[in-house]
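Asks: predicted model and sequence below, questions to follow.
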Amino acid sequence: MVGEIKVFVSPAVVDYLDTLVYQLYKKEYFGFIASAEEYVISIYNVINSNIHLNNKPTPEKLLYLGSNYIFFNQNKRTTWYIFFEKKDTTYLITGILNNYSEKIRYL
């Protein structure tokens, strides 16, 4: 049985996700700011519930983002890659990219 999992998010990732809310609204991916906020909250929820499942070692060229990662499909067009450091049952989210980032070619 897995012990109690603790997930912490680095300030840089929090800033990225906060900015994402406004970018999604500004670019009209969502018609309401609340809808964009719900989308980002759902990313946090997936991280919290899946961080301990099927994680993979990060390729060398992306190690600056974190030594492990998970990925998930948020919708039909967008896959998120969550990078983290792990010690026992404590996880620190250190980076985040989606499939639109050119850096993903290294995965």
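Replies: Sure thing, it's come through. Residues are numbered from 1 along each chain as shown.

Asks: show me where this structure has its strands.
Replies: Counting by DSSP state E, the chain has strands at residues 6-9, 56-57, 68-73, 79-87, 90-98.

Asks: mean pLDDT added to those, as CSV?
Replies: Formatted as CSV, these follow (pLDDT from 0 to 100):
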stretch, mean pLDDT
strand 6-9, 97
strand 56-57, 96
strand 68-73, 95
strand 79-87, 97
strand 90-98, 97
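
Asks: in JSON lines: those, plus mean neighbour count and distance to Lys26.
Replies: C-beta coordinates here come from the backbone N, C-alpha and C atoms, glycine included. Listed next are the strands of the chain as JSON lines, based on neighbours: other C-beta atoms under 10 Å; distance: least, C-beta to C-beta, whole Å:
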{"stretch": "strand 6-9", "mean neighbour count": "15", "distance to Lys26": "23"}
{"stretch": "strand 56-57", "mean neighbour count": "10", "distance to Lys26": "33"}
{"stretch": "strand 68-73", "mean neighbour count": "17", "distance to Lys26": "24"}
{"stretch": "strand 79-87", "mean neighbour count": "19", "distance to Lys26": "20"}
{"stretch": "strand 90-98", "mean neighbour count": "20", "distance to Lys26": "17"}
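
Asks: wait, which of those strands is closest to Leu17?
Replies: Closest approach to Leu17 among the strands of the chain is made by strand 90-98 (7.2 Å; C-beta to C-beta).

Asks: how far out from the middle of the chain is that closest one?
Replies: Relative to its parent chain, strand 90-98 has a centroid offset of 6 Å by C-alpha atoms, centre = their mean, to the nearest Å.
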